[in-house]
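Student: Give the three-dimensional model of this entry:
(one chain, ligands or ions: 2)
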Amino acid sequence: MTTLWHNAKIATMTRATAWGLIERGAIVTDDASIIWVGAEAECPAELMSHITVRHDLERALLTPGLIDCHTHLVYGGDRAKEFELRLQGASYAEIAHAGGGIRSTVLATRRADDATLFKTGCARARLLMAEGVTTLEIKSGYGLTQLDEARMLRVARLIGEALQITVRTTYLAAHALPPEFDGRADDYIDALNDWMTALNAESLIDAVDGFCEHIGFTPSQTRRVFARAQHIGLPVKLHAEQLSDQSGAALAAEFNALSCDHLEFLSAHGVQAMQNSGSVAVLLPGAFYFLRATQLPPIQALRDAGVPIAVATDHNPGTSPCLSPLLMLNMACTLFRLTPEEALRGMTVNAACALGLAATHGTLEMGKRADFAVWDVDHPHELAYWFGHNPCRHIVTGGKMRER
Ligand code: NIG
Ligand code: FE
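Tutor: Residues are numbered from 1 along each chain as shown. Ligands and ions are numbered 1, 2, ... in the order given. Alright, predicted model coming up:
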């Protein structure tokens, strides 16, 4: 089916001009693919003669569908009590040391049945979609047994199928040490590496992640996880330099990581390693805000080095219970001083790179997937400007208009 989407302002997010902006633009899609984008007046007559469906977008703004490239969307329970403890002065690390934090969500996730994980995960994904999201990364990491990690990854795949959005799954068994392995972190790495091989054989894993931190895993343990991922052909990414400098980004860069995420404590050496490996820097203003962090990621150094910057919600119950990608665009500007264009590139083209989807997602170009968001604003910089207001009219995934 050849469809014309016209009478729109289009922010293609290609590099040609600022925002890749086309004032009076049109897009032609053939089923799930974009087959033409340009000024409406220049659409070839031959192509127009094949149009079977037309959508008048009434001067709305069209952008690529937003890509939330770092989420922990599938889990049981919540951590609102822990939030109160932190407000009374307890730190995230202290709560983790006392057996709370990630471990408490692990217990709640193990207790939740698949139907509950699916239902709550879908509800959260729908809220992201309501603000323009058409592609989503979902990490495991709250199961920490082979069975429970598999359940999380299967639920993540099912959410993608049920909601007709692109979901990329990331295996994050190296998130925290489960109670069964207390005092035996290296044995746990052996175990999770074997589960990785088994779950990969079931095609449940698109990438492998870890939490390299004093309250997570050491660089040498992380290296062993990455070595297994590399051995079985899976790309890696890393929660790096969130609470301290562990040289995690440099380690991840050795394995050509798709991305290094958080990066508040990234050193100049880490920036250089990321520049050389081409890894994307994924900034997570929600976690920065919610943990009341003060150490800013080295934004200007990343810019100067030409490291692509992405922005994501990091949705999770502990450090970022945020379901608003638009608020993250705003906070990327107010807290991290990105420009509105950098912020939107961070949730479109650069987020696609962070997921290994650069060839198919993230910009509005011929040959790419027909995933876009339609907004009631005059200019794309407004997407980072308003907060607490959602101007998303609807999304289109795979060339199909989705009602809200
Ligand atoms: O991205 N830092 C590690 N992982 C998550 C938090 C997980 C949790 O606290 O449940 C993050 O911040
Ligand atoms: Fe995270």
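Student: When you work out contacts or count neighbours from here on, use the C-alpha atoms and nothing else.
Tutor: Noted.
Student: burial count for the residue in the chain positioned nearest to ligand 1?
Tutor: Residue nearest to ligand 1 within the chain: residue 318 (3.7 Å; C-alpha to the nearest ligand atom). The local packing of residue 318 (other C-alpha atoms under 10 Å) involves 20 other residues.
Student: Next one: the most centrally placed residue in the chain from residue 88, what distance?
Tutor: Taking C-alpha atoms, centre = their mean, the centroid of the chain lies closest to residue 69, which sits 1.3 Å from it. Going from residue 69 to residue 88 by C-alpha to C-alpha, to the nearest Å gives 32 Å.
Student: Would you list the phi and psi of the nearest residue to residue 248 once chain neighbours are set aside?
Tutor: Closest residue in space to residue 248, ignoring its immediate chain neighbours: residue 240 at 5.1 Å, by C-alpha to C-alpha, 6 or more residues apart in numbering. For residue 240, the backbone dihedrals are phi -120, psi 140 (criterion: degrees, to the nearest 10).
Student: surely residue 240 meets residue 260?
Tutor: Yes. Shown here, residue 240 and residue 260 form a contact pair, counting by C-alpha atoms under 8 Å, at 6.0 Å.
Student: which neighbours do those two share?
Tutor: Shared contacts of residue 240 and residue 260 (C-alpha atoms under 8 Å, 6 or more residues apart in numbering): residue 249.
Student: of all the residues in this protein, which ones are close to ligand 1?
Tutor: For the chain, the residues in contact with ligand 1 (C-alpha under 6 Å from any ligand atom) are 101, 102, 211, 287, 314, 316, 317, 318, 319.
Student: wait, what's in contact with the closest residue in space to the last one that isn't next to it in sequence?
Tutor: In other words, residue 319. The shortest distance from residue 319 to any residue other than its chain neighbours is 5.0 Å, reached at residue 287 (C-alpha to C-alpha, 6+ apart). Contacts for residue 287 (C-alpha under 8 Å, 6+ apart) come out as 314, 319, 320.
Student: Please indicate which of those residues has the highest neighbour count?
Tutor: Those, ranked by neighbours (other C-alpha under 10 Å): first place residue 314, 30 neighbours.
Student: quick one: that one from residue 323, how far?
Tutor: 9 Å.
Student: Residue 250 too?
Tutor: 30 Å.
Student: what's the answer for residue 144, then?
Tutor: As judged by C-alpha to C-alpha, residue 144 and residue 323 stand 24 Å apart.
Student: one step back: go through the contacts of residue 287 and name the one nearest residue 40.
Tutor: residue 314 (37.4 Å; C-alpha to C-alpha).
Student: Let me know the next secondary structure element after the lowest-mean-pLDDT helix or strand in the chain.
Tutor: Ranking every helix and strand in the chain by mean pLDDT, DSSP states H and E puts helix 92-97 at the bottom, with a mean of 92. Note on helix 92-97: by DSSP states H and E, the next helix or strand toward the C-terminus is helix 102-111.
Student: buried ones in that next one?
Tutor: For helix 102-111, a neighbour-count test (16 or more other C-alpha atoms under 10 Å) marks 102, 103, 104, 105, 106, 107, 108, 109, 110 as buried.
Student: for the stretch 301-404 of the chain, what spans make up the strands?
Tutor: 309-311, 372-375, 392-397, 400-402 (DSSP state E, counting those that start in this stretch).
Student: In JSON lines: the ones you listed, plus mean neighbour count and mean pLDDT.
Tutor: Shown next, in JSON lines, are those (neighbours: other C-alpha atoms under 10 Å; pLDDT from 0 to 100):
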{"stretch": "strand 309-311", "mean neighbour count": "30", "mean pLDDT": "98"}
{"stretch": "strand 372-375", "mean neighbour count": "26", "mean pLDDT": "98"}
{"stretch": "strand 392-397", "mean neighbour count": "21", "mean pLDDT": "98"}
{"stretch": "strand 400-402", "mean neighbour count": "16", "mean pLDDT": "95"}
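Student: Would you format the contacts of residue 287 as CSV with pLDDT included?
Tutor: Output for those, formatted as CSV (pLDDT from 0 to 100):
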residue, pLDDT
314, 98
319, 97
320, 98
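Student: Just give me the closest of the residues you listed to residue 356.
Tutor: Nearest to residue 356 out of these is residue 314 (C-alpha to C-alpha; 17.7 Å).
Student: Setting the sequence-adjacent residues aside, check what's closest to that closest one.
Tutor: Spatial nearest neighbour of residue 314, excluding adjacent residues (C-alpha to C-alpha, 6+ apart): residue 71 at 4.4 Å.
Student: got a pLDDT number for the one you found?
Tutor: We have a pLDDT of 98 for residue 71.
Student: Equivalent analysis for residue 353, please.
Tutor: 98.
Student: Then residue 220?
Tutor: For residue 220, the pLDDT comes out at 98.
Student: Relative to the whole chain's centre, how far out is the helix or strand where it lies?
Tutor: Using DSSP H and E, residue 220 sits in helix 219-231. For helix 219-231, the separation from the chain centroid amounts to 22 Å (computed by C-alpha atoms, centre = their mean, to the nearest Å).
Student: mind listing the helices for the stretch 1-150 of the chain?
Tutor: 45-48, 80-87, 92-97, 102-111, 114-130, 146-163 (DSSP state H, counting those that start in this stretch).
Student: go on, the stretch 201-350 of the chain?
Tutor: Going by DSSP H, counting those that start in this stretch, the stretch 201-350 of the chain shows helices at 219-231, 248-254, 268-277, 285-290, 299-304, 325-334, 340-346, 349-354.
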